[in-house]
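A structural model of the following input is requested.
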Amino acid sequence: MENLLNVRQAAELLNVSEMTVRRWTNAGLLSCFRIGKKRERRFNPSDIQQFIEGKITSFQKEKKSPGTSAHRVALGFGGLDVPDGTHMAHLYADVSESLGVQAFFVRQGIENNETVMVVSPQDRREKLLLAMEQDGLDVAELVRENRLIHGSGKQTLVQMTEYISKAAASAQGRFRLIGDMSWTLQKKWSEENIRTLEEITNTRLCPGSLFLCQYSLAEFFGTQIMMALETHACALYKGKLKKNML
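Next up, the predicted model:
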């Protein structure tokens with residue numbers, strides 16, 4: 001037992017805050033032991049190492065090709081490109097704006113022969129898929145070829161991270177995901193779980209992939225929007241992509 005790590009030591013190894021470590025253990029994403037009457041958390045160093053390497057829940061390992069920080073990838077709209085592995089937020093005012101960005105982002109991925117994942121409320125996703133069909137894309141064939149994956153999100157944090165990691169692991173070439181985060185409101189996710197998912201994306205899922213998370217300014221309130229800005233490398237707002245908006 002003397003070799004077990006406390007929360008502070010685990011946080012230092014994982015390069016995250018102690019609160020994040022507690023959230024991950026509460027969600028069942030990081031194994032820990034409970035010690036003494038106060039049930040204090042203790043961690044096996046080998047579990048920490050496995051978590052970093054992505055072995056515990058089969059998260060995607062970092063892809064060395066072509067995902068390097070020097071490699072830039074087109075988003076598909078506004079002439080914008082970003083370094084491969086970027087995790088972005090999109091703050092939008094209305095649903096039509098959200099769908100427009102989705103359509104361009106997805107089409108660019110298809111044209112790049114990437115695997116594209118769309119996560120959004122069902123009614124909005126149906127509008128996107130219809131627009132893609134009208135734009136000449138064979139949605140059914142793309143789904144059969146595993147080049148397009150779409151869904152309404154999962155009920156729990158663990159289920160959602162496994163869903164994303166499996167899709168990323170099965171990707172042929174680069175993996176890009178766009179998610180209208182309003183699906184989390186429909187699933188009644190807490191702000192804490194949303195934040196944890198975004199933090200996991202930063203530390204575990206993003207290398208070699210593109211993630212664009214959309215937040216409706218009409219549906220998410222102040223602290224949630226601040227959380228979105230805090231957990232993304234850059235944010236898209238009114239057609240402009242800005243780094244470190246906070």
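
what pLDDT does residue 217 get?
Residue 217 is assigned 96 on the pLDDT scale.

Any figure for the gap between it and residue 89?
11 Å (CB to CB, to the nearest Å). Yep, even glycine has a C-beta here, placed from its N, CA and C like the rest.

quick one, which of these two is more surrounded?
Shown here are residue 217 and residue 89; by other CB atoms under 10 Å, residue 89 has more neighbours (24 against 13).

For that one, which three-state class applies?
strand (DSSP: H, G, I helix; E, B strand; the rest coil).

now residue 242
Following three-state DSSP, residue 242 is assigned to strand.

need the contact list for it.
234, 235, 236 (CB atoms under 8 Å, 6 or more residues apart in numbering).

taking the residues you listed one by one, which sit in strands?
Among the contacts of residue 242, the ones falling in strands (DSSP state E) are 234, 235, 236.

Doesn't residue 137 belong to a strand?
No - looking at residue 137 with three-state DSSP, it is coil, so not inside a strand.

Distance check, the residue nearest to it when sequence neighbours are not counted against residue 135.
Counting by CB to CB, 6 or more residues apart in numbering, residue 137 lies nearest to residue 110, which is 6.6 Å off, once chain neighbours are set aside. Note on residue 110: its distance to residue 135, by CB to CB, is 10 Å.

Please identify which of the two sits among more neighbours.
More neighbours surround residue 110 than the other of residue 110 and residue 135, with 17 against 10 (other CB under 10 Å).

Using the three-state scheme, assign that one.
Applying three-state DSSP: residue 110 is helix.

How much space separates the residue nearest the centre of the chain from residue 89?
Central residue of the chain (CA atoms, centre = their mean): residue 201, 4.4 Å from the mean position. Note on residue 201: its distance to residue 89, by CB to CB, is 11 Å.

Common neighbours of these two, please.
Common neighbours of residue 201 and residue 89 (CB under 8 Å, 6+ apart) are 213, 231.

Which segments of the chain make up each domain?
Annotated domains of the chain cover 7-53, 72-243 [automatic domain parsing].

Correct me if wrong: residue 32 contacts residue 43.
Yes - if you go by CB atoms under 8 Å, residue 32 and residue 43 touch, sitting 5.3 Å apart.

what's around residue 232, how many residues?
25.

any idea how far the closest residue to it other than its chain neighbours is from residue 242?
Among residues not flanking residue 232 along the chain, residue 89 sits closest, at 4.0 Å (CB to CB, 6+ apart). The gap separating residue 89 from residue 242 is 10 Å, by CB to CB.

okay, and the common contacts of the two?
Joint contacts of residue 89 and residue 242 (CB under 8 Å, 6+ apart) are 234, 235, 236.

mind putting the residues you listed in CSV, distance to residue 118 included?
What follows is the shared contacts of residue 89 and residue 242, written out as CSV (distance: CB to CB, whole Å):
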residue, distance to residue 118
234, 20
235, 20
236, 17
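
ok, back up a step: any idea how far the residue nearest to the centre of the chain is from residue 73?
Distance, residue 201 to residue 73, by CB to CB: 16 Å.

other SSEs contacting the helix or strand of the chain with the lowest mean pLDDT?
When the helices and strands of the chain are compared on mean pLDDT, DSSP states H and E, helix 18-26 comes out lowest with a mean of 78. With contacts taken as 3 or more CB pairs under 8 Å, 6 or more residues apart in numbering; DSSP states H and E, helix 18-26 sits against helix 7-14, strand 40-42, helix 191-200.

what ranges do the helices span in the chain?
For the chain, helices defined by DSSP state H occupy the ranges 7-14, 18-26, 45-53, 95-111, 122-134, 139-144, 157-169, 182-186, 191-200, 222-230.
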